[in-house]
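J.: Mind looking at a prediction? Sequence and model below.
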Amino acid sequence: MIKSGICILFILIVLLCSCDKSEKNDNNIIKVDLVPIIYSDLSPDFEPDPSLQNISSRYLELYERGLISNEPLEPLKDLPKDIDIQYFGLFSLCAPNADMIWAKYILSQNLSNGPTIQNIKDMYSDYNWDLSYDSEISFWVGKNKRGEFLVGFDTNNDEKFSNEEIQLFQCIDLDTTFKKLVIQQSEKERIDFYFVDTTVEFEYPENNRIRKSKVEIALLYPSIKDKTEEKVFTNPDNFIGEIRQMRKGTLTVNDIDYNIIISPYKIYRYATFHKPWVSVFIDVNKDGIWEYQSFNGERFKANETIHLENASLSVKEIDILGRHIVFEKIQKKGKPVKRIAKGKRAPDFEAMDMNNQRVTLKDYRGKYLILNFWYTGCPPCIAEMPGLNKLVKKYKNRNIEFLALTFNDITTVNKFLENHPFSYRIIPNSSHIDSLYNIHGHPVHIIINPEGIIDFIDTGGGPDRYKELDIVISRLIKTGK
């Protein structure tokens, strides 16, 4: 009896200890329930960027990924016969499938810029590629007899269009609606932004089971054209997609509340959340503004440690549809990310260039310094290089220097330069500078004035990106602001 009592007492003590330990662990676990974003809640930082080239840096580039064509991209039935259909397209909503489709398209076209199939498998190492499900939503774009442009979405994902609503493209005149965000190329040009949106149903995998969900998507067509020119929808690579799967909630850390938003890493490109390809936005300074750029110190990757003033956190779990996110408080306390913004002093750095010459920010004191953060596998970075080379040539001997910083090593950069000339002074192995400047997306352009203060900072690239930079550089030279 005594032995039995001792055993029971021992078991109770063990249970109490394990309960206490569990409670302690629970104090370090913070689960945040999330709800869908109402898009009117977003600040202008989430609206279209100042140039059309920047818009596509966050959105789904349909043409680049082989998701728009003159022929259907999957078998379709009951297409309207009284409409002249000019384009067919796909929204691929589950992130791993979407990226795999992109990699296969890159391979089929023998393109050099973009991920390989192995890259995608490595990115989603825990994903079950054997599951079969349908997360692709078809649409068509056509013109009726009155010359109106229409769109049809396969909203219930059955590849049939007999019962689907046909929608008319809406047009926003950005000259008036978003005037402060638009940089006009000339007095004669007008910028129009055509869009149509809807809600669609798609399949996705969860715990090795196929489930269904709904998400809001939009098809967009930004257009710069002469005011006398009425032709639109003539260029398939202008079509971009928007998948509206952002979620918000309140994170409470040590009795301090922070409003947060999570999104798939490239904001409007996917409907599912897969760590580490998730962005976490925390309104650290509590100004109510959701700041997209990572250098503002409020955007974090889900696979990196988040350092706040009162705690350091790691992301432990993210629901595949973003219904909740789980943080864990960690013991290793770090410094909060410094805000990199216009008007602030640029962080000093030290690195070696391609010729093994030492480079520091202080070397350029007294000159304007143009920084370009890029990498060899970045399509918009590559697209903007010929234009950036023009800037180097134009401003030669004008007290302006150009530095290009990439995390790629010297061997990779040298091989890349064989086919892609780049006139900037190149700094390889620059991951430590990326961290200093909070760079998580590419390309990023920063202009530092002769006193070492940041005068301009923006993200996004493309063939005409240099035109905007040229305007800014010319203004700074003339006015100093």
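T.: Yep, that arrived.

J.: Low-confidence bits of the chain, can you list those?
T.: Across the chain, the ranges flagged by pLDDT under 70 are 1-25, 38-58, 112-113, 172-192, 223-232, 289-296, 332-339, 480-481.

J.: Which stretches in it count as helices?
T.: For the chain, the helices defined by DSSP state H occupy 2-28, 52-55, 95-108, 117-123, 174-177, 379-394, 410-417, 431-436, 465-479.

J.: Distance from the chain centre to the third one, please.
T.: If I follow you right, that is helix 95-108. A distance of 17 Å separates the centroid of the chain from that of helix 95-108, by Cα atoms, centre = their mean, to the nearest Å.

J.: What residues of that helix count as buried?
T.: 95-103, 106 (16 or more other Cβ atoms under 10 Å). All C-beta atoms are positioned from the backbone trio N, CA, C, and that covers glycine.

J.: Which elements pack onto it?
T.: Using 3 or more Cβ pairs under 8 Å, 6 or more residues apart in numbering; DSSP states H and E, the elements in contact with helix 95-108 are strand 84-92, helix 117-123.

J.: okay, the buried residues of helix 95-108 in CSV with distance to Gln245 next?
T.: Below are these laid out as CSV (distance: Cβ to Cβ, whole Å):
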residue, distance to Gln245
Ala95, 10
Pro96, 15
Asn97, 15
Ala98, 12
Asp99, 15
Met100, 19
Ile101, 18
Trp102, 18
Ala103, 21
Ile106, 24
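
J.: List just the nearest of these to Ile262.
T.: Nearest to Ile262 among the buried residues of helix 95-108: Ala95, at 13.4 Å, using Cβ to Cβ.

J.: Pretty sure the closest one sits against Ser263.
T.: No. Checked against Cβ atoms under 8 Å, the pair Ala95 and Ser263 is beyond contact range at 11.5 Å.

J.: hang on, the earlier thing: which members of the buried residues of helix 95-108 define the maximum pairwise distance?
T.: Ala95 and Ile106 (16.6 Å).

J.: Let me know the distance separating Lys275 from Leu308.
T.: 19 Å (Cβ to Cβ, to the nearest Å).

J.: ok, the two, which is more surrounded?
T.: Each of Lys275 and Leu308 has its neighbours counted (other Cβ atoms under 10 Å); Leu308 has more, 18 against 15.

J.: Neighbours of the nearest residue to Thr155 once chain neighbours are set aside, how many?
T.: Residue nearest to Thr155 in three dimensions, not counting chain neighbours: Val200, with 4.8 Å by Cβ to Cβ, 6 or more residues apart in numbering. Val200 has 21 neighbouring residues, counting by other Cβ under 10 Å.

J.: And the one 3 residues further on, by the same measure?
T.: Per other Cβ under 10 Å, the neighbour tally for Glu203 reads 18.

J.: picking that back up, help me confirm that the residue nearest to Thr155 comes into contact with Ser213.
T.: No. Between Val200 and Ser213 there is no contact under Cβ under 8 Å: 9.8 Å.

J.: Now list whatever residues contact both of the two.
T.: Counting by Cβ atoms under 8 Å, 6 or more residues apart in numbering, Val200 and Ser213 have no shared contacts at all.

J.: Next, the most centrally placed residue in the chain: phi, psi?
T.: The residue lying closest to the centre of the chain (Cα atoms, centre = their mean) is Lys266, at 2.4 Å. Reported as degrees, to the nearest 10, the phi and psi values for Lys266 are phi -100, psi 30.

J.: from what I can see Phe193 touches Ala218, true?
T.: No. With contacts counted by Cβ under 8 Å, Phe193 stays clear of Ala218, the gap being 11.0 Å.

J.: got any residues that touch both of these two?
T.: In contact with both Phe193 and Ala218: no residue, using Cβ under 8 Å, 6+ apart.

J.: Next, format the helices and strands packed on helix 95-108 as CSV and append mean neighbour count and distance to Asn356.
T.: Formatted as CSV, the helices and strands packed on helix 95-108 follow (neighbours: other Cβ atoms under 10 Å; distance: least, Cβ to Cβ, whole Å):
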stretch, mean neighbour count, distance to Asn356
strand 84-92, 20, 44
helix 117-123, 14, 30
